[in-house]
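K.L.:
this is a predicted model, with the sequence first.
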Amino acid sequence: MRRRSVPCALVGAAVLALLAGCSSDGDTPDLPTRDPAVAAVAPATTAKPAGQVAARTGPVGALLTESGTGQLVALDANTLFVLDPANFQGGAQAGRPLALPAPGTALAQGKPGEVLIPARDRVLRVDLATGVSTQITVDGDVRSVAYRPDGTLVVGTADGKVRTLAATGEVLGTVSGLASADVLAQTPDHLTVLDRRQTSITEIDPGKDRLGLALRAGDGATDMIADHFGRIIVTDTAGGELLVYTTGPLVLRQRFPVGSSPYALAYDRRSETVWVTCTQSNEVVGFDLSTGIPKEVGRFPTVRQPDSVTVDERTGDLFVGSATGDGLQRIPADERKRGQ
């Protein structure tokens, strides 16, 4: 695989003009945008998926391993399926269903034992121990949500607003100026927002009423995560690349080709590996970032249309969800090591 370093001049050239955000909800920024990139439509599978596959009659829209309980949760529109990874069985129906009051669009970690789900005009909070869901009303179509250590929530909406909310739902602050606020990633000192319509990432200080530094994120970015080193990792689905940034200030450090429509991301801190699904080839690919020079360390066949992926931090097992209803896949850490 050919890898490309990014000269400083190119990093500087990638900096977008600082966006003049403001706190007025009535402002609609006039910004150059594109249709948001999406995962490529996957072909029929030609290889047996690695590991085990549990049956799913519906699509998996998002996956998360909840840190407090270790439970695996899968989102299918109005239903959340909860599964103990220790009881995962190939061929069995995956998870106990919890009905949701509104269709969700993503999953995020809340306080220990809780899952947050962005939805239209609200954020859903699901207690996995009781199965009870509560709602926080939000003005707008919520696309992203993040839980902060002080108990507040940060939410991003389809019209580019980023709001900080008290646990009661009270709006503590609003930053506008983006075209859309689709994915949020937190590092110890910074909050970063992915805007799919501008294919950019932007730093935000929720305590201020303006946007921070923004950088272009490839040709059509779709997903973003943060690792425990404070790096921001982005899939450029349209450009077929994986992008790695550092924050404070925001700088593009690495970019390297993946191909096959890279889409969903997960990070395994046990092995310092970032896993990215490739929907054009029905694969999940792992890259070791520990030395600063990305190295492919694993490539495994998946279920069809692998639009979601998560890592069980307790075991290192990898889970992949099919957006076409072809199942929920588990690739054990031991099996991955044998395959490398």
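P.N.:
Yes, it's here. Residues are numbered from 1 along each chain as shown.

K.L.:
hang on, Asp334 in a helix?
P.N.:
Yes: looking at Asp334 with DSSP: H, G, I helix; E, B strand; the rest coil, it is inside a helix.

K.L.:
all helices of the stretch 151-300 of the chain, in order?
P.N.:
Counting by DSSP state H, counting those that start in this stretch, the stretch 151-300 of the chain forms no helices at all.

K.L.:
before we move on, what about the stretch 1-150 of the chain?
P.N.:
Along the stretch 1-150 of the chain, counting by DSSP H, counting those that start in this stretch, helices occupy 8-14.

K.L.:
a helix runs through Lys337, doesn't it?
P.N.:
Yes: judged by three-state DSSP, Lys337 forms part of a helix.

K.L.:
tell me the pLDDT of it.
P.N.:
With respect to pLDDT, Lys337 scores 71.

K.L.:
ditto for the one 3 residues further on
P.N.:
According to the model's per-residue confidence, Gln340 sits at a pLDDT of 49.

K.L.:
swap in Asp209?
P.N.:
77.

K.L.:
that one contacts Thr174, correct?
P.N.:
Yes: using CB atoms under 8 Å, Asp209 makes contact with Thr174 at a distance of 7.4 Å. For the C-beta atoms, the positions are set from N, CA and C on the backbone; glycine is no exception.

K.L.:
look at the two and report which has more neighbours.
P.N.:
For Asp209 versus Thr174, neighbours defined as other CB atoms under 10 Å are more numerous around Thr174 (20 against 15).

K.L.:
from Ser144, how far out is that one?
P.N.:
15 Å (CB to CB, to the nearest Å).

K.L.:
could you do Pro103 as well?
P.N.:
Applying CB to CB, the value for Pro103 to Ser144 is 15 Å.

K.L.:
repeat for Leu75
P.N.:
Leu75 is 14 Å from Ser144, by CB to CB.

K.L.:
likewise for Gly68?
P.N.:
Taking CB to CB, one finds Gly68 at 21 Å from Ser144.

K.L.:
how about Asp195?
P.N.:
From Asp195 across to Ser144, the span is 11 Å (CB to CB).
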